[in-house]
Structure formats: C-alpha cells, structure tokens
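Engineer: here's a sequence, model it:
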Amino acid sequence: MARQERAIRTRRTILEAAAAVFDERGYTSATIGEILDRAGVTKGALYFHFGSKEELAIGVFEEQLAITLPPQACKLQELVDSGLALARRLRSEPLVRASVGLALDQGAMDLDRTPAFQMWIDQNVQRLGEAKAQGELLPHVDVADTAELLVGSFSGVQLLSQLRCQRQDLERRVVVMFEHFLPSIAVPAVLARLDISEDRGQRVLAQGRVEDREPERVPVEQRGTRPVAVRDQVAGPEGVAAVRDQVAGSEGVAAVRDQVAGQDEALPARAPSGA
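Structural biologist: Numbers count the residues shown, from 1 in each chain. Okay, here's the model as predicted:
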C-alpha cells in the first residue's frame, strides 16, 4: 500500500513538473532533462511512468478530465457541472491550466493534440447521449455535433477570458455561454430546472472532494482483528440474528468474508519514510 501511494505521488510530481515546463517553454522547447530537474526525480522513475515526452503530454491532457463530480439525475446538469467545474479548476489548478494551454499550443507541431480534444468530446458525447435517452434533449439535437460545438465554444471562451483578464471572469463567461447554448438543445421543462449559477462549479467540486474523503471503511480496533463495522453489526441479540441469517449458506459466508477482506485491504497504511 505504501509503495503504491509513493508511486501515485511520484507520478503526480512528474506531471506537475512537466506541466510547468510545457507552460513556460512550450512543448517543442521543453526537454526531459528540464522536467527531471523540476520534478527532482530520477530518469528511471520518470520512464517507469511515462515512456516519452509525448506520453507526458498525454498525461497532462488527461488532467482536464481527471475528476469525479457528484452524479445528478439530470444528465444536462452533469454537462453544466463539468463545464463550470473545469472553469473553476482553470482558475485554481496550475496543472489544468497547463493542460489546456498545451492543447491549444499551435507551436507544438510534433505533438498530436487531437487526443486532448477527443477525450473531452467523448465525455460530452456520453453525457449528451444519456440526456437524450432520458428525454432531456429536443428532437433535432445531434449528440456528436453538439458535443464538438460545446468543446469549441468553451475553448474560445476560456481563451478570450485568459487574454482579457487571466481568466478572472471565466465562470461568468461560461455561464453566459450556457445561457445561449442550452435553450437550443434542452427541453423547456428540463432547462427551467438547471442550475447555471457562477458558483455552481465551486460547489460541486467541494461536494465531490468531501465525498472522496469520506471513508468507505472502518478502522480495525487495536485490541482485536474484527472491523468495527462487523462488531457494531453483531452488537446485541438482533445483530447476532441478522449476521447469522446473512451467513446462512455458502453465498452469505462469501459475502461477509469479502466485506471484511475489503475493509482490511482499505485500512490506511503508515506514512512512508520517503517519497
């Protein structure tokens, strides 16, 4: 567990260093040596995670979408949330800013930048497809065309905001974009329920981070080996009966065994002595 956590931290450190160098020097001028110096890792550590400078760039691209937002019953709300959350992250996360900058770097002639846009388009296609299946879209809406239009519109809006005021007004501009964009694709009843406020991105990001921090496990007591979740479940005669019924038969035994094993595997490891 500690080794896996160190590997995750090392990969993140390399990505942040690469993003900073790409942002400062441009993709073509950036070198692996500069990224190594910025990250403070060995060449072996870098090549363990990324086989080339291009793979590093793809890893930076992926950071645009590397976040899980709270699911919504309305899929168009999820579409709005993803756009407003990205706007917020562009203002607050250097790695995301570098990712978008790299995708729009027209000087990066030796880098295929289409994956950065394709990943984003694919994500929007999925959400729009789910929205259409739920009857949230007007009949004429073409999902693929709409997904591409949204990506292009957002890219232009964020670039204009960057040039005008270093993206300080980006969330407001994205709200305006959605206010013009959504009436052309959304069923009126759905449109009326959408939350397109400027602080929506900040709120859903905060909610997602809280949910990520909520443990799905309960620590094992120092005096015993049974997880607290199981101990509390069997406390009292009613709990004993419930567990007895649960484990009746081989399938019940397997279920409890898997539950306990999953909790044991998820226990927090001691902090590693070094990265």
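
Engineer: what's the helix or strand for the nearest residue to residue 98 once chain neighbours are set aside?
Structural biologist: In space, and not counting its chain neighbours, residue 98 is closest to residue 19: 3.4 Å by CB to CB, 6 or more residues apart in numbering. C-beta here means a position set from N, CA and C on the backbone, and glycine is covered the same way. Per DSSP states H and E: residue 19 is located in helix 2-25.

Engineer: now do that helix: everything it contacts.
Structural biologist: When contacts are defined by CB atoms under 8 Å, 6 or more residues apart in numbering, helix 2-25 is touched by residues 30-31, 34-36, 38-41, 45-46, 49-50, 56-57, 59-60, 63, 94-95, 97-99, 101-102, 105, 269-270, 272, 274-275.

Engineer: avg pLDDT for it?
Structural biologist: Taken as a whole, helix 2-25 carries a mean pLDDT of 88.

Engineer: and for stretch 111-126?
Structural biologist: On average, stretch 111-126 scores 88.

Engineer: same check on stretch 152-165?
Structural biologist: 95.

Engineer: what segments of the chain are helices?
Structural biologist: Remark: helices assigned in the chain by DSSP state H are 2-25, 32-39, 43-49, 53-62, 75-92, 94-103, 114-133, 143-165, 170-181, 188-191, 200-213, 228-234, 236-246, 250-265.

Engineer: would you agree residue 36 is in contact with residue 43?
Structural biologist: Yes: counting by CB atoms under 8 Å, residue 36 does reach residue 43; the two are 6.1 Å apart.

Engineer: neighbour count for these two, which is higher?
Structural biologist: The neighbour count for residue 36 versus residue 43, taken as other CB atoms under 10 Å, is higher for residue 36 (18 against 10).

Engineer: please report how far the more buried one lies from residue 111.
Structural biologist: 19 Å (CB to CB, to the nearest Å).

Engineer: same deal with residue 85?
Structural biologist: Taking CB to CB, one finds residue 85 at 26 Å from residue 111.

Engineer: can you check residue 189 too?
Structural biologist: 44 Å.

Engineer: neighbour-wise, which of these two wins?
Structural biologist: The neighbour comparison of residue 189 against residue 111 (other CB under 10 Å) goes to residue 111, with 20 against 9.

Engineer: of the helices of the chain, which approaches residue 68 most closely?
Structural biologist: Closest approach to residue 68 among the helices of the chain is made by helix 200-213 (5.9 Å; CB to CB).

Engineer: helices and strands around the closest one, which ones?
Structural biologist: When contacts are defined as 3 or more CB pairs under 8 Å, 6 or more residues apart in numbering; DSSP states H and E, helix 200-213 sits against helix 75-92.

Engineer: for the helix it packs on, name the packing helices and strands.
Structural biologist: In terms of contacts (3+ CB pairs under 8 Å, 6+ apart), helix 75-92 is packed against helix 94-103, helix 114-133, helix 143-165, helix 170-181, helix 200-213.

Engineer: what residue is smack in the middle of the protein?
Structural biologist: Centroid-nearest residue in the chain: residue 67, 1.0 Å away (criterion: CA atoms, centre = their mean).

Engineer: didn't it look like it was pressed against residue 85?
Structural biologist: Yes: taking CB under 8 Å as the definition, residue 67 is a contact partner of residue 85 at 6.9 Å.

Engineer: what residues are shared contacts of these two?
Structural biologist: By CB under 8 Å, 6+ apart, the residues touching both residue 67 and residue 85 are residue 205.

Engineer: out of the helices and strands packed on helix 75-92, the one nearest residue 78 is which?
Structural biologist: helix 114-133 (5.4 Å).

Engineer: contact partners of the closest one?
Structural biologist: 58, 61-62, 64-65, 74-76, 78-79, 82, 99, 102-103, 137, 141, 143-144, 146-148, 150-151, 155.

Engineer: apart from its neighbours in sequence, what residue is nearest residue 101?
Structural biologist: residue 23 (5.6 Å).
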